[in-house]
Structures are given as C-alpha cells and as structure tokens.
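# predicted model follows, preceded by the sequence.
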Amino acid sequence: MSEPLVTILDDEPEIRQMLGEVLTEAGFRTQSFARAREFEAALKHVTPDVCLVDLSLPDTDGLALVHRLALEQGASVIIISGRAQVQDRVAGLELGADDYITKPFDPAEVVARIRARLRSNRATPKAGNTARFNGWTAHFERYTLENATGDETTFSHAEAEVLRLFLDSPKRLISRAQMQESLGGAAGESFDRAMDVRISRLRTKLGEDPKNPRLIKTIYGAGYIFLGDVSWS
C-alpha cells in the first residue's frame with residue numbers, strides 16, 4: 001500500500017516548503033500548489049487522501065474552493081489559514097471542511113490532525129453505500145440525500161461522516177467523546193463547534209424542526225441519539 005497523498009495549496013512558498021518537508025519526513029507523499037487553478041487541474045489526475053487548503057488565495061475564493069472540494073470531490077479537507085476569527089472558522093466548517101488550523105501553527109499538530117483524519121476514514125467498516133430511514137435514502141457513494149418523492153440534496157464529506165456514525169448506531173446514545181474518538185480531530189471547543197455545525201446542517205437537510213427534531217435528538221449533557229429505523233444495502 002502506498003503512502004497517503006497530502007496536497008498542499010498555499011501561496012506562501014515558505015509554508016509549502018516547510019509542510020512538504022515535515023509531511024515527507026512523517027511518511028506522506030505530498031504535492032504542493034501556489035494557485036487554485038493548478039491545484040484543481042491536478043485533481044483531474046490524482047485523488048488525494050487529505051487536502052490542506054489556505055483560504056487567502058490570489059486566484060479564487062478559498063471558501064468556495066473548500067465547498068467544491070467537499071461536495072464534488074468527497075475529499076477530506078483541512079483548512080490552514082491566518083483567518084482566526086470565529087466567523088471564518090464557522091464558515092469553513094459549514095461549507096464542508098473537516099478541520100480548521102490557524103496560522104501560525106505547530107507542524108507536529110498538522111501531522112497529528114492529518115493522521116486523525118486518515119484514522120477516521122478507515123475506522124468504521126462500511127456496511128453498504130446506501131441507507132434507508134424514515135422516508136429518506138442516503139447515497140454515500142455520491143453524497144446525496146433523497147426524499148420520498150425523489151428530490152435530492154447534496155451533503156459534504158464531513159457531514160457524511162457524522163450521518164454515517166448515526167446510521168451505524170441507531171437508537172444508541174453517542175457521546176461527544178465517542179464522536180471525537182470515531183471522527184478524529186482535537187477534542188475541545190473547536191471540535192464541539194464543528195459537530196454542532198454539521199449536525200445542524202444535517203437536521204436542516206432532513207427537514208427537521210430545530211426546536212423539536214424527530215430524528216437526531218440532543219441529550220443535553222450526554223450526547224446525541226438517532227431515532228430512525230435504518231436498513232443498509
């Protein structure tokens with residue numbers, strides 16, 4: 001099995017060089033890009049395991065690129081950005097990023113976050129690619145939710161991980177600690193916020209009443225429970 005491929009998109013040559021050296025030493029293959037145009041052209045020929053993406057790019061909107069990666073590529077995306085404001089972090093997570101690291105950063109933390117993403121991607125045995133529950137069908141091979149009338153809406157790779165966790169364990173309490181262990185990422189406020197964002201977006205796509213959701217219930221102080229009846233194929 002070849003080493004995991006990590007792509008680095010950042011317009012600062014020092015950042016690209018430093019990350020490339022650290023990740024190569026850690027056992028990863030890397031490809032680095034200074035422009036989004038070059039990066040997206042390369043994606044037609046390679047499938048990275050993790051994409052590191054800076055938001056402040058000279059030739060495109062970084063957040064829009066993250067959204068395309070999450071929805072169209074199904075890629076694991078870690079944002080590395082100098083934008084440390086809460087609204088930027090929230091926007092990145094809402095648009096499908098799996099994690100968010102602010103500059104300046106410790107290179108060892110980047111390696112640890114990447115390894116956590118890869119563990120998460122491999123952790124849960126896949127029972128199937130299609131799940132049916134309460135009038136909904138989740139197509140994980142193409143990242144879409146289909147309702148009873150056949151209308152579809154897309155979900156991101158990050159949202160897929162959370163939904164899959166619920167569908168693999170229906171009617172069982174899933175604590176925040178269990179989510180962190182299964183999905184990876186650093187425990188703490190950043191992880192909790194990421195989960196809140198993804199669950200909120202899933203509830204919206206499932207047509208849930210935010211004040212009284214029927215499928216994804218919050219058990220305050222304990223975690224979440226998915227109340228649907230699930231079948232896989």
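Perfect, thanks for sending it. Numbers count the residues shown, from 1 in each chain.
# how about stretch 141-152: buried residues?
For stretch 141-152, the neighbour count (16 or more other CB atoms under 10 Å) marks 143-146 as buried. (C-beta placed from N, C-alpha, C; glycine too.)
# do stretch 89-109 as well
Counting neighbours by 16+ other CB under 10 Å, stretch 89-109 gives 89, 91-101 as buried.
# okay, residue 28: pLDDT?
Confidence per residue is given as pLDDT, and for residue 28 that number is 96.
# need the nearest residue in space to it, chain neighbours excluded.
Across the structure, with CB to CB, 6 or more residues apart in numbering as the measure, the residue nearest residue 28 apart from its sequence neighbours is residue 6 (4.8 Å).
# name the SS class of the one you found, please.
Assigned with DSSP: H, G, I helix; E, B strand; the rest coil, residue 6 falls in the strand class.
# do you know the pLDDT at it?
96.
# can you show me the strands along this protein?
With DSSP state E as the definition, the chain shows strands at residue ranges 5-9, 29-33, 50-53, 76-81, 99-102, 130-133, 136-139, 144-146, 152-154, 173-174, 216-219, 223-226, 230-232.
# coming back round to it: what residues are bridge-paired with the residue nearest to residue 28?
Here residue 6 shows beta-bridge partners residue 30, residue 50, assigned using DSSP bridges.
# can I get the buried residues of stretch 89-109 in TSV with distance to residue 118 and pLDDT?
Formatted as TSV, the entries for the buried residues of stretch 89-109 read as follows, by distance: CB to CB, whole Å; pLDDT from 0 to 100:
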residue	distance to residue 118	pLDDT
89	22	83
91	25	83
92	20	85
93	19	81
94	23	75
95	22	80
96	18	78
97	16	85
98	11	83
99	12	88
100	17	90
101	16	92
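# just the ones of those residues in helices?
Secondary structure from DSSP state H places 89, 91-94 of the buried residues of stretch 89-109 in helices.
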